[in-house]
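Enquirer: Need a 3D model of the sequence below.
(chains A and B)
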Amino acid sequence: MFGSGSPTNTLDDFEESDVLLLMGSNTTEAHPIIANKMKKAAKQGLKIIVVDPRKIDMTKVAHRHLQIEVGADIALMNGMLHVIIEEGLFNDEWVRKHTADFERLKAQVKTFTPSYTAKITGLDAADIVETAREYARADKAMIAYTLGITEHHCGVNNVFDIANLAMLTGHIGKRGNGIMPLRGQNNVQGAGDMGCLPNMITGARSITDNQYRRRFEDHWGIQINSNVGDTQTRTFERMENGEVKALYVIGENPLLADVHLNHTAKLFNNLDLLIVQDIFLTDTAKQADVVLPAKSWGEVEGTYTNTDRRIQRVRQAVKADANVREDWEILCDLASRLGYKMMYNNSEEIWEEVRTLAHEVYGGISYKRLDQEYAIHYPCPNEEHPGTFVLHERFHQSYDNTLKSAFVPVAYTPPIEQPDKDYPFTLTTGRRLESYNTHTQTRHYASGVKLKQAEETVDIHPKDAARLKIEDGEVVEVLSRRGSLSVKAKITEQVVPGLVFMSFHWSEVPTNVLTINEYDPISGTAEFKACAVNIRKKNVD
Amino acid sequence: MEASETKTVKTICGYCGTGCGLLLEVTDNNITKIRGDKAAPVNKGQTCVKGAFAYKYVHADERLKSPLIRQDGRLVETTWETALQFIADKLTHIKEHFGPNAISMFACARSTNESNYITQKFMRAAIGSNNIDGCNRT
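Expert: Here you go, the predicted model:
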């Protein structure tokens, strides 16, 4: 809608805002330092409205907690859009000047009356109306979200509806107004921006943009395939029918991290060549034909791009083992063996090539400037440019905005697998504070650190536990249509009756044997956040 | 034995996407302590439990220290030369017989921008395929 997939503002903007819709983000555990910023802002008057099926820690500082049914986010947002339109809480002139397809949006949300929305979301109609009013009427308002929004079969539509809300109310393009996806990994933003995507090349521009692609072809001295490539999901599908012969996996552990683990393991057998480049022998690496030992954080030089478009310098602290190589060194060696010569002496030479080619975005960001200024927000096209703090400022500049943003009306679709008689619980998955993804690194804490959670649990509401006669700490069986596992129960009011929660940090408890292999048709992101399970006491027939 | 010296290295945390600035204390090629960097614009000296304490993995005994290759069903240690030439020969064969579209890459959201730039350049220039994706989508 806005022409880019980047966070629109900076993390400092929370302090300048009046209302924050915090959607599907367990900020305290997944982004502790950002949670601190939000809590500080809340003390200064920021009204935080938490939208989450679980009573997460952020609800303690929240102005309101909308404890929504898993996967009902679009219903809530369509309901809010309905209220904003019905009550005229938007600026006609803004909508005329900057947007397109308003009538289509209006038609899409027409049926989402507060009472209908309340029924789907499990929320109070009055709370839905009040949230819509507060967000729309605020002088400055922001929306922040994480995987609770994207890890659904309708993840892309969820994000479209967030953009619809911001666009209708004009909460975009100014300090304290915008949309902030909070990124889970240190350089997930950077990896995408660099072009590690099937449809994008360095500078986050489309691979089908002939003029832009030609710039790279000239510099690289080679013709680049102009067809969009396969997403991870599509690659798995093509592995199934044998069309993918070789898979090269760098620093990822798809066997443990991806949905429907048992199925993923079988797919690897269909390959002629599986290459895994990593710092540990992960479960995925154990299946490989060749494993290449890589350098880790602390051993390399370079840059990361954080969740608010900030480029910062990463420096080498220790020397790696002499027989371990850096990712780019390995790939340059391999490329030369494949007949395409790639030669660099250090990471700065690579960065200089990035700056030259994607100059609109990084032209002004040199290692020297980063040493002096610590961080620079892209886009920063030249050395004199201070960096960009807020995107889409065109909406508020005096000249006529010719680049109108079309609304993308979206329909509500419930989670694909609904609880039923055999599998009466909804399982939702997420992260825990002290652990990180598949936990290959966070197993290694400094000695003497007391951890709150040292093993996996299935988090269950006291009412459900009482009904099933399950005690806190008791090992129970969790079953879905795809697999089963044993895990300790943790009785907590963080979840509501009917909902259970697990993370996927521990390979001893491979949560993703339970999850469902349903994907968003546009992004290919899997529905980690909802599937149906049953919980049983062990050794009881 | 030489007296050990402690140096401090400024860097960015390798865990979540917040981008906190850290100061690493290093003695005898070992990270011994991590503090938040007060000069860092994002965290202004704060750190979370992961950033401050979960660094021992860098020095873990289980770190891979040699290329491994599958022989008779088992992964065994090999040289870089053997491993890389084996991969190059296999990839060339697959490219010739099935085309570049039969090769896919999952890139790493933890690696630097520089390594990620080279990763996609490798796929697009040396392999000739846009089948590259990361967990950027989640």
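
Enquirer: all contacts plus neighbour counts: C-alpha atoms, from now on.
Expert: Noted.

Enquirer: so what's B:Ile69 up against?
Expert: Residues in contact with B:Ile69, defined by CA atoms under 8 Å, 6 or more residues apart in numbering or on different chains, are A:Asp289, A:Val290, A:Val291, B:Leu75, B:Val76, B:Glu77, B:Thr78, B:Ala83.

Enquirer: quick one: the helices in chain B?
Expert: Applying DSSP state H to chain B gives helices spanning B:49-53, B:80-98, B:113-121.

Enquirer: what is the mean pLDDT for the longest one?
Expert: The reference is to helix B:80-98. Average pLDDT, helix B:80-98: 98.

Enquirer: next one: it to chain centre, how far?
Expert: Relative to its parent chain, helix B:80-98 has a centroid offset of 22 Å by CA atoms, centre = their mean, to the nearest Å.

Enquirer: Which of the residues in it are classified as buried?
Expert: Buried residues in helix B:80-98, defined by neighbour count with 16 or more other CA atoms under 10 Å in any protein chain shown: B:Trp80, B:Ala83, B:Leu84, B:Ile87, B:Ala88, B:Lys90, B:Leu91, B:Thr92, B:Ile94, B:Lys95.

Enquirer: Point out where chain B drops to low pLDDT.
Expert: Scanning chain B for pLDDT under 70 picks out B:1-3, B:135-138.

Enquirer: How is chain A partitioned into domains?
Expert: Chain A breaks down into these domains under automatic domain parsing: A:11-181, A:188-377, A:425-537.

Enquirer: and if you look at chain B?
Expert: Using automatic domain parsing, chain B is parsed into the domains B:6-59, B:68-137.

Enquirer: Point out the residues in the stretch 51-200 of chain A that sit beside chain B.
Expert: A:147, A:150-151, A:182-192, A:194-199 (CA under 8 Å from any CA of the partner chain).

Enquirer: which SS class is the closest residue to B:Gly17 other than its chain neighbours?
Expert: The shortest distance from B:Gly17 to any non-neighbouring residue, by CA to CA, 6 or more residues apart in numbering or on different chains, is to A:Asn186 (4.0 Å). Put simply, A:Asn186 is coil when judged by DSSP: H, G, I helix; E, B strand; the rest coil.

Enquirer: what about the strands in chain B?
Expert: Counting by DSSP state E, chain B has strands at residues B:6-12, B:21-27, B:30-36, B:68-71, B:74-77, B:103-106, B:132-133.

Enquirer: Highest mean neighbour count out of those?
Expert: Across the strands of chain B, averaging neighbours per residue (mean count of other CA atoms under 10 Å in any protein chain shown) puts strand B:132-133 on top, at a mean of 29.

Enquirer: what's it in contact with?
Expert: A:196-198, A:229-232, B:104-107, B:120, B:123.

Enquirer: so which of the residues you listed is the most crowded?
Expert: Neighbour counts for those (other CA atoms under 10 Å in any protein chain shown) peak at A:Cys196, which has 34 neighbours.

Enquirer: Would you agree that one is in contact with B:Tyr117?
Expert: Yes: counting by CA atoms under 8 Å, A:Cys196 does reach B:Tyr117; the two are 7.5 Å apart.

Enquirer: neighbours around A:Ala107, how many?
Expert: Using other CA under 10 Å, A:Ala107 is surrounded by 11 other residues.

Enquirer: end-to-end on stretch B:42-58?
Expert: In stretch B:42-58, first residue to last residue: 24 Å (CA to CA, to the nearest Å).

Enquirer: these two touch, right, A:Glu477 and A:Lys538?
Expert: Yes: using CA under 8 Å, A:Glu477 is in contact with A:Lys538, at 6.0 Å.

Enquirer: of the two, who's got more company?
Expert: A:Glu477 (18 against 13).

Enquirer: circling back: for the residue nearest to B:Gly17, give me the pLDDT.
Expert: Listed pLDDT for A:Asn186 reads 92.

Enquirer: ditto for A:Thr402
Expert: Turning to A:Thr402, the model gives it a pLDDT of 69.

Enquirer: nearest residue to the residue nearest to the spatial centre of chain B other than its sequence neighbours?
Expert: Most central in chain B under CA atoms, centre = their mean is B:Ser111, positioned 4.9 Å from the mean C-alpha point. Nearest residue to B:Ser111, sequence neighbours excluded (CA to CA, 6+ apart): A:Asn187, at 6.7 Å.

Enquirer: Report the contact partners of that neighbour.
Expert: A:Tyr304, A:Thr305, A:Asn306, B:Gly17, B:Ala109, B:Arg110, B:Ser111, B:Thr112, B:Asn113.

Enquirer: Torsion angles phi and psi at it?
Expert: With angles defined as degrees, to the nearest 10, A:Asn187 sits at phi -130, psi 30.

Enquirer: Quick one: the strands in the stretch 301-450 of chain A, in order.
Expert: A:302-305, A:310-314, A:375-377, A:405-406, A:425-430 (DSSP state E, counting those that start in this stretch).

Enquirer: burial of A:His219, as a residue count?
Expert: Residues near A:His219, counting by other CA under 10 Å: 11.

Enquirer: same thing with the one 3 residues further on?
Expert: Burial of A:Ile222 is recorded as 15 neighbouring residues (other CA under 10 Å).

Enquirer: what's the nearest residue to it if we skip its chain neighbours?
Expert: What sits nearest to A:Ile222 in space, not counting adjacent residues and going by CA to CA, 6+ apart, is B:Ala125, at 6.6 Å.

Enquirer: For the one you found, give me its contacts.
Expert: Contact analysis of B:Ala125 by CA under 8 Å, 6+ apart lists A:Trp220, A:Ile222, A:Gln223, A:Ile224, A:Tyr340.

Enquirer: Narrow the residues you listed to just the buried residues.
Expert: With burial judged by 16+ other CA under 10 Å, the buried subset of these is A:Trp220, A:Ile224, A:Tyr340.

Enquirer: A:Asp13 touches A:Gly173, doesn't it?
Expert: No: counting by CA under 8 Å, A:Asp13 does not reach A:Gly173; the two are 11.6 Å apart.

Enquirer: helix/strand/coil for A:Ile179?
Expert: Under three-state DSSP, A:Ile179 comes out as strand.

Enquirer: quick one: the residue nearest to it when sequence neighbours are not counted from A:Thr10, how far?
Expert: Once flanking residues are discounted, A:Ile179 sits nearest to A:Ile143: 4.9 Å by CA to CA, 6+ apart. Using CA to CA, we find A:Ile143 at a distance of 12 Å from A:Thr10.

Enquirer: Need the overlap of contacts for the two.
Expert: A:Met180.

Enquirer: Toward the C-terminus, what is the element adjacent to the lowest-mean-pLDDT helix or strand in chain A?
Expert: Here the helix or strand of chain A ranked lowest by mean pLDDT, DSSP states H and E is helix A:254-257, holding a mean of 72. Using DSSP states H and E, the helix or strand that follows helix A:254-257 in sequence is helix A:261-268.

Enquirer: Tell me which residues of that following helix come out buried.
Expert: So, applying 16+ other CA under 10 Å, buried residues of helix A:261-268: A:Leu261, A:Asn262, A:His263, A:Thr264, A:Ala265, A:Leu267, A:Phe268.

Enquirer: The residues you listed into TSV, with extra columns for distance to B:Ala52 and pLDDT?
Expert: Shown next, in TSV, are the buried residues of helix A:261-268 (distance: CA to CA, whole Å; pLDDT from 0 to 100):
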residue	distance to B:Ala52	pLDDT
A:Leu261	32	72
A:Asn262	35	75
A:His263	37	79
A:Thr264	34	80
A:Ala265	34	81
A:Leu267	38	90
A:Phe268	36	91
